[in-house]
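Visitor: What shape does this take:
(2 chains)
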2 protein chains.
Amino acid sequence: MTANSIKIERTTAPKQKPDENQLGFGKYFTDHMFIMDYEEGKGWINPRIIPYQPIMMDPAAKVFHYGQTVFEGLKAYRAADGRILLFRPEQNFLRLNRSNSRLSIPDVDGELALEALKQLILVDQDWVPSQEGNSLYIRPFVIATQATLGVAPSHNYHFMIIMSPVGAYYAEGIHPVKIYVESEYVRAVRGGTGNAKTAGNYAGGLKAQEEATSKGYSQVLWLDGVHQKYIEEVGSMNVFFKIGGTVYTPELNGSILDGITRNSMIQLLKHWNVPVVERQISIDEIYEAYTNGTLEEAFGTGTAAVISPIGDLYWNGHQMLINGGHTGELSQKLYDTLTSIQQGAQEDPFSWMVEVQQKAILS
Amino acid sequence: MTANSIKIERTTAPKQKPDENQLGFGKYFTDHMFIMDYEEGKGWINPRIIPYQPIMMDPAAKVFHYGQTVFEGLKAYRAADGRILLFRPEQNFLRLNRSNSRLSIPDVDGELALEALKQLILVDQDWVPSQEGNSLYIRPFVIATQATLGVAPSHNYHFMIIMSPVGAYYAEGIHPVKIYVESEYVRAVRGGTGNAKTAGNYAGGLKAQEEATSKGYSQVLWLDGVHQKYIEEVGSMNVFFKIGGTVYTPELNGSILDGITRNSMIQLLKHWNVPVVERQISIDEIYEAYTNGTLEEAFGTGTAAVISPIGDLYWNGHQMLINGGHTGELSQKLYDTLTSIQQGAQEDPFSWMVEVQQKAILS
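Guide: Numbers count the residues shown, from 1 in each chain, chains lettered A, B, ... in the order given. This is a model prediction of the structure:
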């Protein structure tokens, strides 16, 4: 299958674009979407860009009952000179296939997927926001569509890409959030699906998130499923702590997500010669660093927020105010640097950015 | 909302019914389905029975991305005298709401749901198989339909019931299966969603099931997520062991399903004065009972198979042949008794069965 075989059907009724000051996250969708189908014995077939529209699903489709689905999340940015840039998109399709493997879903051709994404962006290029901080959020995903109730991998799937113009995560610049260390609910455990980007990991977290919100916290910090002691993730972000000049982040242990922003932060820190250590970190250790005054900064990392500083951490009766509740110097520098690279405003020493270039599209 | 408000739209194109000898499981669906919608602020609205048909789903619907969904499974049986019987259906709707609570989904009115199910069965009563061992499998489920990508509980849902005529699980009577004790993958952990009937629990198990099948086993036996030592479930069934005359089954610890067949088996055993104990059981203990000759029987319990005897258990290099690989006496008696009650062929001392009776249906 070649990229040229992607058929394009353009909408005849383009939507009105939303106010760039009121975008929020994942509320509005562009005029088109990409979809291709999988049939057992035929593989992935019929790649096409079509008007954004509802899909017809049999009520017995396996995704509804057995959650056989994976997804990705990445962004396209509009540079000041008008270019459209993607941040390490090939990494997302590599991870998609790692998730696919865990969920017994057939591999998607990463090159085809990236080419489809580029073509989709070009078709909807007027949807890439230009206001600083805004971007086009991209959601590739696979769903199992076979309409049988046996608990077994599906014989049929859709792979789709939908896109949503989104606002800056922090409308007035980054600011620290209050985080609740979750001691009851567990997100994932080794041997489970924690390192796959799959629906069930998020479903299980909704309840904890609701309860934390009702207590006045914006996210939960997840502890490991075995000991309920070691730090895993914060909300749906990876997490970092700066203690006595060194930056620590939980090692990839099979139950946390291998975040692309996480990986990029580690690369940036190493580039700056800031000591960075990936290892198992207990919540007791963080509390000890807090009490002896060496806990300097804490932050989450992810595609949506890039950096989300933690100003306040509640654990088991202890309230930890981090860096006086202010954004730390290193957190700010990481945020400024990465967002500046992503928006094409600063040199890209790692060749992370991929430009989406206009070319002849067969339609 | 009253049951009378359920609107009924009958199909004008009834399907041809499948051969009762070739039903399999969950492959064919009846002519109609039940559906009602939830809208934030309005609650559950518009309950209706309509022809079985695909549903239109926005590609951004939360169920696809964050797995916010729960389901149930139960059966309707055709008695020899033609009556249609349901097995403890009120228990399924109670459990549905326990699952809903864990997944931050609004409660469904259990009485309305049961009435909807009865009316749906009456509309499709010709689909209830009459051949011995066959039954009508019923799948109530809830899916989150709001089309936004924020990780938060949905504001919109569908509650649906679909039905499928299914064959006897064991075409030639029950026979023992080979089970692989899973030491790598984990199904669930305390604090997770293991005791909710939700898609993510099944998604995570597909890979282990595939690998066990490739090794010649029909199901996996899951160990607990914390110690990978204590027995949880077998495939998607609860599990029982008869050791030295006493029946043991894992206690409800939050990570295993509170099975209705499990509960019924315990009631039957107590009724017969067979000692039955619910407690934590380690796999070492089972192996020890095997080596000292006191492991008499083992079986799984669930709606689909009722009883699934375990003839062969593989754990960590040890092959345990249970009861010479034959169905145990107690397993057989439990199977015969429960299936006989379910088919209305024998006295129902616990008032488990609920007859679906013809009455005026407003349409």
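Visitor: Can you give me the pLDDT of the residue sitting furthest away from the middle of chain A?
Guide: Distance from the centre of chain A peaks at residue A:292, with 34.1 Å (CA atoms, centre = their mean). Per-residue pLDDT puts residue A:292 at 97.
Visitor: quick one: it from residue A:137, how far?
Guide: 40 Å (CB to CB, to the nearest Å). Bear in mind the C-beta positions are built from the backbone N, C-alpha and C, glycine included.
Visitor: for residue A:284, same thing?
Guide: Counting by CB to CB, the gap from residue A:284 to residue A:137 is 37 Å.
Visitor: neighbour-wise, which of the two wins?
Guide: residue A:137 (22 against 12; other CB atoms under 10 Å in any protein chain shown).
Visitor: looking at this, the more buried one is in a helix?
Guide: No: under DSSP: H, G, I helix; E, B strand; the rest coil, residue A:137 sits outside any helix and is assigned strand.
Visitor: Report the secondary structure element holding residue A:242.
Guide: Using DSSP states H and E, residue A:242 falls within strand A:238-243.
Visitor: anything in that strand near chain B?
Guide: No: shown here: strand A:238-243 not in contact with chain B (CB under 8 Å from any CB of the partner chain), separated by at least 15.1 Å.
Visitor: neighbouring strands for that strand, and are they parallel or not?
Guide: Sheet pairing of strand A:238-243 (DSSP bridges) gives strand A:246-249 (antiparallel), strand A:295-302 (antiparallel).
Visitor: Comparing these, which stretch has the densest surroundings?
Guide: Using mean count of other CB atoms under 10 Å in any protein chain shown, the stretch among those with the greatest mean number of neighbours is strand A:295-302 (a mean of 25).
Visitor: Parallel or antiparallel, list what pairs with the following helix or strand past that one.
Guide: Per DSSP H and E, the first helix or strand lying C-terminal to strand A:295-302 is strand A:306-315. Strands adjacent to strand A:306-315 in the sheet, as given by DSSP bridges, are strand A:177-181 (parallel), strand A:295-302 (antiparallel), strand A:318-321 (antiparallel).
Visitor: Extract the C-alpha set from strand A:306-315 and format it as PDB.
Guide: The C-alpha coordinates for strand A:306-315 follow below in PDB (Å, rounded to 0.1, in the frame of the first residue of the first chain):
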ATOM      1  CA  VAL A 306       3.900  20.200  28.200                       C
ATOM      2  CA  ILE A 307       4.900  21.000  31.800                       C
ATOM      3  CA  SER A 308       2.400  21.200  34.700                       C
ATOM      4  CA  PRO A 309       4.200  22.400  37.900                       C
ATOM      5  CA  ILE A 310       3.100  20.900  41.200                       C
ATOM      6  CA  GLY A 311       2.800  23.600  43.800                       C
ATOM      7  CA  ASP A 312       1.000  21.600  46.500                       C
ATOM      8  CA  LEU A 313       1.200  17.900  47.200                       C
ATOM      9  CA  TYR A 314      -1.200  16.200  49.700                       C
ATOM     10  CA  TRP A 315      -0.300  12.800  51.000                       C
END
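Visitor: Let me see the contact set for residue A:230.
Guide: By CB atoms under 8 Å, 6 or more residues apart in numbering or on different chains, the contact list for residue A:230 reads A:223, A:224, A:250, A:280, A:281, A:282, A:283.
Visitor: wait, I meant residue A:156
Guide: A:37, A:38, A:39, A:40, A:144, A:145, A:146.
Visitor: and with 10 Å instead?
Guide: A:37-40, A:42, A:58, A:61-62, A:143-148 (CB atoms under 10 Å, 6 or more residues apart in numbering or on different chains).
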